[in-house]
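In: sequence and predicted structure below; questions after.
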Amino acid sequence: MALLTMREALNQAMREEMRRDPNVFILGEEVGAYQGAYKVTQGLLAEFGEWRVRDTPIAEEAIAGVAVGAAFIGLRPIAEMMTFNFSILALDMIVNHAAKYRYMSGGQIRCPMVMRGPSGAAAQVAAQHSQAFESWYVHIPGLVVVMPSTPKDAKGLLKSAIRDDNPVIFMENEVLYNFKGEVPDEEYHIPLGLADVKRTGKDVTIVAWSRSVTTALAAADILAKDGIEAEVVDPRTLRPLDEDLIFESVGKTNRCVVVEEGWRYAGFGAEIADRVQRECFDALDAPVLRVTAADVPMPYAKTLEKAYLPQPEKVVEAVHKVLYR
Amino acid sequence: MNREEASSYYRSMLLIRRFEERCAQLYVEGKIGGFLHLYIGQEAVGVAAMSLLRPDDYFVTSYRDHGYALARGTDPRPLLAELCGKITGISRGKGGSMHFYDVPLGNFGGDGIVGGHLPVAAGMGYGIRLRGTDQVALCFFGDGAVNEGAFHESLNVSALWDLPVVYIIENNRYGMGTSLDRASSVKDLYQRGSAYGIPRRDVNGMDLIAVRTALGEAIALARRDKRPTLIEAETYRYRGHSMSDPGKYRTKEEVEEMMRFDPIHLFGKRLMEQERFTQADLDAADKEVTARVDEAVRFTEESGFPPLETLYEDVYVRSPYMNMKAAEKDPAWRAAVREDRVPETFPASAPAKVGG
């Protein structure tokens, strides 16, 4: 095991897959000469050259569209969005093209591409640069949506995403890029659609993904001091959802809190709450509660930014509610 | 162009014409639903282009996509079946008029979003460069698409990276009901290529020979020098934007005037004057293509609608990298298969000659 940052783990995943398969290439803004806006693609240009590590103009629709067209004819592009905030300029390429051509063609076409980059809140970059867009992408049949929370998961899942023959939306997190974790030295991949228990407990199930796992684990630490054992379940892939692991956990704890960085209104947490209330109705001792971002654009001021985001204290409060404390 | 090639181009244009005339009837009869955008009047462009493509080349098109598929040699039967939403359709009844694809023939076809396939064409060009082959990608779109941001982004990267993509504007003068004069600051659309420093030219889109010449040079440039070209083919659609369009934005006189330059009539005349074809030859060609359309109608009528279990098919590719136990709770994943579906071939029918 090596102790790697998530940035390094992602870099390793791409490097290994590019060595393994000449059809894999990366394109995006600043991925090459600049070594990546967040240094995730560091060193790849030197090893693979400009046709496989392609710096693009600031043109998100072209980045995504070039990925789609290349994928249609058998290549395996990785389109980096500098952040997912800008991916909405490319939404037509993903929603109407990557996700739908297989269906519209009656199964003739496949689109084996990955669109990856950081999503979610960064630090004080305000409303247009701090958004969680997973709920937009999970809504679309034809897509796979992945959101890792640890370096090990990030590497193993990105390798699967690159090898998979479906379009995969791979959402990283800027704040997590520097987080370190153990990553196996040997070759491995983690299947898409496989959830993971990040902490075991018997009193309450907290479902969280990406950076919210960190929030949930911090809340679990606080709760533990109070004698409450929280189980943290990380779906890792949001579409398709490995719901059984969530149901098993709720079957054991009888209580469920969902934490997400996105807005409450039609957020992905609502999908989980819906499934849990239907499938675990008899097991539940309290309604499923959601801890989300505030339903406003992200503010700039530090104080407001903190108030906007799910915090461990808010998760603790929600857990107390479902435990009727 | 030898006599046999000339004959095949004529028949190919006529097949599109007769096929679409029948489509219009079937639409009125309620057998074709949704949107139906006819290519009638523009046949020379698609036929000229397909006559120049190699079997391993690619193309993408707008939603006015019937002509390219027929000209490329796709059997009319699965195409008409697709229009009528039958399971024997080229896209298994899931696409309809706007979504014709025939991947073994390089047809990544019909896109329903104006300009939406232009970045995709650049991606095909990029893939070709990365693989180091000498294929080309053709990209067909209307005059309406040049005002989309996707046009700019696509042409910029194709020029920047030297991608073998030929962009073909089929300027039929109207983006739905809005005339070019009211939509584009520059009226000579091919001049937009100057913004990207790429070869550009306009051509009479009603003249098959002229289109072949212009496109032939552009395709050669793409194949040999990996340079994109922007071609404006000036053409005209006789019918409305779609079947629901009464066409009140243009005069009857204008349409009649343009029909004097009908590409099929002009080419037929040329065949008689220069290639020793007789009226009887042209009539025989008409009879032949009409028989193929009749056969397509019969085939379509005998075909069934898609069984309901196909609803969830063709969304995902079954994947060894997916935890299928979880994924299969979703019926779309349950129905996923590992392979792509190759369109069924119909050996009884002789495909239209591609020529070139």
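Out: Nice, thanks for sending it over.
In: show me what the longest helix seen in chain B is packed up against.
Out: In chain B, assigned by DSSP state H, the helix with the most residues is helix B:3-28. Contacts defined by 3 or more CB pairs under 8 Å, 6 or more residues apart in numbering or on different chains; DSSP states H and E place helix B:3-28 against helix B:43-52, helix B:66-72, helix B:76-83, helix B:263-274, helix B:279-302. All C-beta atoms are positioned from the backbone trio N, CA, C, and that covers glycine.
In: out of these, nearest to chain A?
Out: With CB to the nearest CB as the criterion, chain A lies closest to helix B:76-83 of the helices and strands packed on helix B:3-28, at 8.5 Å.
In: hmm, back to that, for the helices and strands packed on helix B:3-28, give me JSON lines that also has distance to chain A.
Out: Shown next, in JSON lines, are the helices and strands packed on helix B:3-28 (distance: least, CB to the nearest CB, whole Å):
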{"stretch": "helix B:43-52", "distance to chain A": "18"}
{"stretch": "helix B:66-72", "distance to chain A": "12"}
{"stretch": "helix B:76-83", "distance to chain A": "8"}
{"stretch": "helix B:263-274", "distance to chain A": "29"}
{"stretch": "helix B:279-302", "distance to chain A": "16"}
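In: can I get the CA coordinates of stretch B:186-197 in PDB?
Out: The C-alpha coordinates for stretch B:186-197 follow below in PDB (Å, rounded to 0.1, in the frame of the first residue of the first chain):
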ATOM      1  CA  VAL B 186     -23.200  37.200 -43.500                       C
ATOM      2  CA  LYS B 187     -25.200  36.000 -46.500                       C
ATOM      3  CA  ASP B 188     -22.500  34.000 -48.300                       C
ATOM      4  CA  LEU B 189     -22.300  31.300 -45.700                       C
ATOM      5  CA  TYR B 190     -19.200  29.700 -47.100                       C
ATOM      6  CA  GLN B 191     -17.400  32.900 -46.100                       C
ATOM      7  CA  ARG B 192     -17.800  31.900 -42.500                       C
ATOM      8  CA  GLY B 193     -14.900  29.500 -43.200                       C
ATOM      9  CA  SER B 194     -12.600  32.600 -43.400                       C
ATOM     10  CA  ALA B 195     -12.900  32.900 -39.600                       C
ATOM     11  CA  TYR B 196     -11.100  29.600 -39.300                       C
ATOM     12  CA  GLY B 197      -8.700  30.100 -42.200                       C
END
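In: and it, which residues are buried?
Out: Residues of stretch B:186-197 classed as buried: B:Leu189, B:Tyr190, B:Arg192, B:Gly193, B:Tyr196 (neighbour count, 16 or more other CB atoms under 10 Å in any protein chain shown).
In: the second one contacts B:Arg200, doesn't it?
Out: Yes - shown here, B:Tyr190 and B:Arg200 form a contact pair, counting by CB atoms under 8 Å, at 4.5 Å.
In: shared neighbours of these two, anything?
Out: Taking CB atoms under 8 Å, 6 or more residues apart in numbering or on different chains as the criterion, B:Tyr190 and B:Arg200 both touch B:Leu230, B:Ile231, B:Glu232.
In: name the SS class of the last one, please.
Out: Per DSSP: H, G, I helix; E, B strand; the rest coil, the local secondary structure of B:Glu232 is strand.
In: just list the residues touching it, thanks.
Out: B:Glu232 neighbours (CB under 8 Å, 6+ apart): B:Ile169, B:Asn171, B:Asp188, B:Leu189, B:Tyr190, B:Arg200, B:Arg201, B:Asp202, B:Val203.
In: and what of B:Leu130?
Out: Contacts of B:Leu130 by CB under 8 Å, 6+ apart are A:Phe25, A:Trp51, A:Arg52, A:Ala70, A:Leu75.
In: buried stuff in the longest helix of chain B?
Out: B:6-20, B:22-23, B:26-27.
In: could you pull up the mean pLDDT of it?
Out: In this model, helix B:3-28 carries a mean pLDDT of 97.
In: now the strands for the chain?
Out: As the question left the chain open, I've gone with chain A. A:2-5, A:24-28, A:53-55, A:76-80, A:114-119, A:144-146, A:168-173, A:180-183, A:196-199, A:204-208, A:230-234, A:237-239, A:256-263, A:289-293 (DSSP state E).
In: chain B, not that one
Out: B:58-61, B:107-110, B:137-142, B:165-171, B:174-175, B:178-179, B:200-204, B:229-234.
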